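Asks: with the sequence up front, the predicted model follows.
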Amino acid sequence: MSKILLDSADINKAKEIAKYYSIAGITTNPSILSKIDKPLEEKLAEIKEFAYDKYEIHVQTTENSAQKILEEAKTLKAYFGETFFIKIPVTKEGLEAIRLCDKEGINVTATAVLSAMQALAAAKNGASYVAPYVNRLENIGQDAEEVIVEIKELLKDYKTEILAASFKNVKQFKNILLCGAEAATVAPDVLETSIWHPYTDKSVIDFEKDWERKFNSSKVVDALK
Ligand SMILES: O=C(CO)[C@@H](O)[C@H](O)[C@H](O)[C@H](O)COP(=O)(O)O
(Lines give C-alpha, C1' and ligand atoms only; values in the text may rest on other atoms or scores of the structure.)
Protein backbone atom coordinates (compact mmCIF):
# COMPACT_ATOMS: atom_id res chain seq x y z
CA MET A 1 0.00 0.00 0.00
CA SER A 2 1.49 3.34 -1.01
CA LYS A 3 1.51 6.04 1.64
CA ILE A 4 1.17 9.54 0.20
CA LEU A 5 2.30 12.59 2.15
CA LEU A 6 2.10 16.29 1.40
CA ASP A 7 5.40 18.10 0.99
CA SER A 8 4.12 21.45 2.18
CA ALA A 9 3.58 23.74 5.14
CA ASP A 10 0.38 25.13 3.65
CA ILE A 11 -2.03 23.73 6.23
CA ASN A 12 -5.14 25.25 4.68
CA LYS A 13 -4.29 23.43 1.48
CA ALA A 14 -3.53 20.24 3.43
CA LYS A 15 -6.95 20.44 5.14
CA GLU A 16 -8.65 20.91 1.76
CA ILE A 17 -6.81 17.96 0.21
CA ALA A 18 -7.27 15.70 3.25
CA LYS A 19 -11.05 15.93 2.74
CA TYR A 20 -10.83 13.93 -0.47
CA TYR A 21 -7.40 12.29 -0.55
CA SER A 22 -6.15 9.87 2.09
CA ILE A 23 -2.84 11.39 3.03
CA ALA A 24 -0.53 9.79 5.59
CA GLY A 25 1.18 12.95 6.77
CA ILE A 26 3.08 16.09 5.95
CA THR A 27 6.73 16.80 5.34
CA THR A 28 8.58 20.10 5.45
CA ASN A 29 12.16 21.18 5.01
CA PRO A 30 14.01 24.43 5.79
CA SER A 31 13.34 25.78 2.27
CA ILE A 32 9.60 25.14 2.59
CA LEU A 33 9.48 26.75 6.05
CA SER A 34 11.55 29.72 4.84
CA LYS A 35 8.60 30.71 2.60
CA ILE A 36 5.93 30.89 5.31
CA ASP A 37 4.03 34.14 5.73
CA LYS A 38 3.65 34.05 9.53
CA PRO A 39 5.89 33.60 12.58
CA LEU A 40 7.45 30.13 12.81
CA GLU A 41 5.84 29.39 16.18
CA GLU A 42 2.41 30.00 14.66
CA LYS A 43 3.18 27.74 11.72
CA LEU A 44 4.44 24.96 13.99
CA ALA A 45 1.30 25.25 16.11
CA GLU A 46 -0.83 25.09 12.96
CA ILE A 47 0.98 21.94 11.81
CA LYS A 48 0.52 20.40 15.25
CA GLU A 49 -3.16 21.27 15.44
CA PHE A 50 -3.75 19.70 12.03
CA ALA A 51 -1.63 16.58 12.36
CA TYR A 52 -1.25 15.68 16.06
CA ASP A 53 -1.88 11.98 16.65
CA LYS A 54 -3.49 11.70 13.21
CA TYR A 55 -0.83 12.21 10.56
CA GLU A 56 2.90 11.71 10.34
CA ILE A 57 4.81 14.97 10.84
CA HIS A 58 8.29 15.12 9.29
CA VAL A 59 10.36 18.17 10.22
CA GLN A 60 14.01 18.60 9.27
CA THR A 61 16.73 19.32 11.78
CA THR A 62 18.36 22.74 11.61
CA GLU A 63 21.41 21.54 13.54
CA ASN A 64 24.64 20.11 12.17
CA SER A 65 26.26 18.14 14.97
CA ALA A 66 24.96 14.75 16.07
CA GLN A 67 24.43 15.73 19.72
CA LYS A 68 22.59 18.93 18.81
CA ILE A 69 20.42 17.10 16.29
CA LEU A 70 19.47 14.62 19.03
CA GLU A 71 18.57 17.43 21.46
CA GLU A 72 16.52 19.19 18.79
CA ALA A 73 14.77 15.93 17.89
CA LYS A 74 13.85 15.32 21.54
CA THR A 75 12.34 18.80 21.84
CA LEU A 76 10.42 18.46 18.59
CA LYS A 77 9.11 15.02 19.53
CA ALA A 78 7.95 16.32 22.91
CA TYR A 79 6.03 19.01 20.99
CA PHE A 80 4.66 17.05 18.02
CA GLY A 81 4.08 13.68 19.72
CA GLU A 82 4.42 10.08 18.67
CA THR A 83 3.78 10.60 14.94
CA PHE A 84 6.79 12.90 14.69
CA PHE A 85 9.79 12.06 12.46
CA ILE A 86 13.02 14.01 12.62
CA LYS A 87 14.44 14.48 9.14
CA ILE A 88 18.20 14.15 9.13
CA PRO A 89 20.37 14.60 6.01
CA VAL A 90 22.70 11.68 5.31
CA THR A 91 26.10 13.15 6.18
CA LYS A 92 28.66 11.68 8.60
CA GLU A 93 27.22 13.72 11.48
CA GLY A 94 23.73 12.96 10.25
CA LEU A 95 24.36 9.22 10.28
CA GLU A 96 25.65 9.43 13.84
CA ALA A 97 22.55 11.42 14.77
CA ILE A 98 20.29 8.85 13.11
CA ARG A 99 21.77 6.14 15.32
CA LEU A 100 21.43 8.31 18.46
CA CYS A 101 17.82 9.24 17.70
CA ASP A 102 16.88 5.65 16.94
CA LYS A 103 18.35 4.55 20.28
CA GLU A 104 16.18 7.17 21.99
CA GLY A 105 13.08 5.87 20.24
CA ILE A 106 12.71 8.89 17.97
CA ASN A 107 11.45 8.13 14.45
CA VAL A 108 13.95 9.17 11.78
CA THR A 109 13.57 10.04 8.13
CA ALA A 110 17.01 10.05 6.54
CA THR A 111 16.72 12.80 3.98
CA ALA A 112 18.61 14.31 1.04
CA VAL A 113 19.37 10.78 -0.14
CA LEU A 114 20.91 10.72 -3.61
CA SER A 115 22.37 7.20 -3.72
CA ALA A 116 21.56 3.65 -2.71
CA MET A 117 24.66 3.42 -0.56
CA GLN A 118 23.54 6.45 1.48
CA ALA A 119 20.19 4.74 1.97
CA LEU A 120 21.90 1.56 3.16
CA ALA A 121 23.98 3.47 5.72
CA ALA A 122 20.86 5.18 7.07
CA ALA A 123 18.96 1.89 7.25
CA LYS A 124 21.83 0.26 9.17
CA ASN A 125 21.59 3.06 11.75
CA GLY A 126 17.87 2.54 12.28
CA ALA A 127 16.13 5.10 10.06
CA SER A 128 12.41 4.44 9.62
CA TYR A 129 12.43 6.03 6.18
CA VAL A 130 14.98 7.06 3.61
CA ALA A 131 14.00 9.94 1.36
CA PRO A 132 15.60 9.82 -2.09
CA TYR A 133 15.28 13.05 -4.09
CA VAL A 134 13.79 12.03 -7.40
CA ASN A 135 13.77 15.26 -9.40
CA ARG A 136 17.15 16.36 -8.08
CA LEU A 137 18.58 13.03 -9.27
CA GLU A 138 17.09 13.56 -12.71
CA ASN A 139 18.37 17.15 -12.77
CA ILE A 140 21.92 15.81 -12.66
CA GLY A 141 21.28 13.18 -15.32
CA GLN A 142 20.81 10.17 -13.04
CA ASP A 143 18.13 7.56 -13.43
CA ALA A 144 15.95 8.05 -10.33
CA GLU A 145 13.95 4.90 -10.99
CA GLU A 146 17.13 2.84 -11.05
CA VAL A 147 18.20 4.36 -7.73
CA ILE A 148 14.84 3.46 -6.16
CA VAL A 149 15.08 -0.13 -7.40
CA GLU A 150 18.63 -0.38 -6.00
CA ILE A 151 17.53 1.02 -2.62
CA LYS A 152 14.62 -1.40 -2.54
CA GLU A 153 16.99 -4.32 -3.10
CA LEU A 154 19.62 -3.19 -0.58
CA LEU A 155 17.01 -2.50 2.10
CA LYS A 156 15.03 -5.69 1.72
CA ASP A 157 16.20 -7.06 5.09
CA TYR A 158 15.68 -3.79 6.97
CA LYS A 159 12.60 -2.25 8.54
CA THR A 160 13.42 0.99 6.66
CA GLU A 161 10.94 2.16 4.02
CA ILE A 162 11.42 4.43 1.04
CA LEU A 163 9.73 7.84 1.31
CA ALA A 164 10.51 9.26 -2.11
CA ALA A 165 10.65 13.06 -2.33
CA SER A 166 11.38 15.91 -4.74
CA PHE A 167 8.82 15.39 -7.50
CA LYS A 168 8.08 17.87 -10.24
CA ASN A 169 5.46 15.94 -12.17
CA VAL A 170 2.96 13.09 -12.07
CA LYS A 171 5.05 10.80 -14.27
CA GLN A 172 7.86 10.82 -11.71
CA PHE A 173 5.34 10.35 -8.88
CA LYS A 174 3.64 7.33 -10.49
CA ASN A 175 6.78 5.64 -11.76
CA ILE A 176 8.55 5.83 -8.42
CA LEU A 177 5.59 4.16 -6.69
CA LEU A 178 5.60 1.49 -9.41
CA CYS A 179 9.30 0.92 -8.68
CA GLY A 180 8.33 -0.11 -5.17
CA ALA A 181 8.70 3.00 -2.99
CA GLU A 182 6.47 2.44 0.02
CA ALA A 183 5.72 6.15 0.36
CA ALA A 184 6.03 9.41 -1.54
CA THR A 185 5.78 13.01 -0.46
CA VAL A 186 4.52 15.45 -3.09
CA ALA A 187 3.70 19.12 -3.34
CA PRO A 188 -0.05 19.89 -3.41
CA ASP A 189 -0.01 20.87 -7.10
CA VAL A 190 1.51 17.52 -8.14
CA LEU A 191 -1.03 15.64 -6.01
CA GLU A 192 -3.94 17.64 -7.43
CA THR A 193 -2.73 17.10 -10.98
CA SER A 194 -2.38 13.37 -10.36
CA ILE A 195 -6.13 12.95 -9.95
CA TRP A 196 -7.16 15.32 -12.73
CA HIS A 197 -8.08 14.22 -16.23
CA PRO A 198 -9.72 16.47 -18.84
CA TYR A 199 -11.81 13.62 -20.16
CA THR A 200 -13.30 12.99 -16.71
CA ASP A 201 -14.40 16.64 -16.57
CA LYS A 202 -15.84 16.43 -20.09
CA SER A 203 -17.66 13.21 -19.23
CA VAL A 204 -19.30 14.82 -16.19
CA ILE A 205 -20.41 17.82 -18.27
CA ASP A 206 -21.83 15.51 -20.97
CA PHE A 207 -23.76 13.45 -18.37
CA GLU A 208 -25.24 16.64 -16.91
CA LYS A 209 -26.30 17.92 -20.33
CA ASP A 210 -27.98 14.63 -21.30
CA TRP A 211 -29.82 14.45 -17.98
CA GLU A 212 -31.01 18.02 -18.16
CA ARG A 213 -32.21 17.64 -21.74
CA LYS A 214 -34.46 14.76 -20.71
CA PHE A 215 -35.37 15.49 -17.06
CA ASN A 216 -34.72 19.22 -16.58
CA SER A 217 -33.73 19.93 -13.01
CA SER A 218 -35.28 16.88 -11.35
CA LYS A 219 -33.00 14.39 -9.59
CA VAL A 220 -32.92 10.61 -9.97
CA VAL A 221 -34.45 10.09 -6.49
CA ASP A 222 -37.42 12.27 -7.47
CA ALA A 223 -38.64 9.30 -9.53
CA LEU A 224 -38.95 7.29 -6.28
CA LYS A 225 -41.09 9.77 -4.40
O1 LIG B 1 12.88 15.05 2.28
C2 LIG B 1 11.70 15.26 2.28
C3 LIG B 1 10.83 14.36 3.02
O4 LIG B 1 11.62 13.54 3.80
C5 LIG B 1 11.10 16.37 1.55
O6 LIG B 1 10.45 17.28 2.38
C7 LIG B 1 12.19 17.04 0.75
O8 LIG B 1 12.92 17.89 1.57
C9 LIG B 1 11.62 17.77 -0.43
O10 LIG B 1 10.79 16.92 -1.17
C11 LIG B 1 12.70 18.21 -1.35
O12 LIG B 1 13.70 18.90 -0.74
C13 LIG B 1 12.09 19.08 -2.38
O14 LIG B 1 12.98 19.03 -3.37
P15 LIG B 1 12.80 19.98 -4.61
O16 LIG B 1 11.36 19.86 -5.02
O17 LIG B 1 13.14 21.34 -4.12
O18 LIG B 1 13.73 19.38 -5.58
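Replies: Happy to help now that I have it. Everything numeric in this text was worked out from a predicted model, so none of it was measured.
Asks: assess the claim that residue 165 and residue 6 are in contact.
Replies: No. Between residue 165 and residue 6 there is no contact under CB atoms under 8 Å: 11.3 Å. Bear in mind the C-beta positions are built from the backbone N, C-alpha and C, glycine included.
Asks: in this structure residue 3 contacts residue 183, no?
Replies: Yes. The pair residue 3 / residue 183 is scored as a contact, 3.9 Å apart, by CB under 8 Å.
Asks: so between these two, which is more surrounded?
Replies: Taking other CB atoms under 10 Å, residue 3 and residue 183 do not tie; residue 183 has more neighbours (23 against 18).
Asks: roughly how far does that one sit from residue 68?
Replies: For residue 183, the distance to residue 68 equals 27 Å [CB to CB, to the nearest Å].
Asks: about what we covered before: overlap in contacts of residue 165 and residue 6?
Replies: 27, 185 (CB atoms under 8 Å, 6 or more residues apart in numbering).
Asks: looking at those two, which is more packed in?
Replies: Between residue 165 and residue 6, residue 165 has the larger neighbour count (other CB under 10 Å), namely 30 against 26.
Asks: so what's the more buried one closest to, chain neighbours aside?
Replies: residue 131 (4.6 Å; CB to CB, 6 or more residues apart in numbering).
Asks: are we agreed that the one you found is in a helix?
Replies: No. Judged by DSSP: H, G, I helix; E, B strand; the rest coil, residue 131 forms no part of a helix; its state is strand.
Asks: what segments of this structure are helices?
Replies: Per DSSP state H, the chain carries helices over the ranges 11-18, 30-33, 40-51, 66-80, 92-103, 116-124, 134-139, 144-154, 170-178, 188-194, 198-215.
Asks: and this protein, which residues reach the ligand?
Replies: 7, 27, 29, 58, 87, 109, 111, 131, 133, 135-136, 163, 165-166, 185 (CB under 6 Å from any ligand atom).
Asks: the helices of the chain: which one's closest to residue 222?
Replies: The minimum distance between residue 222 and those falls on helix 198-215, with 8.2 Å, by CB to CB.
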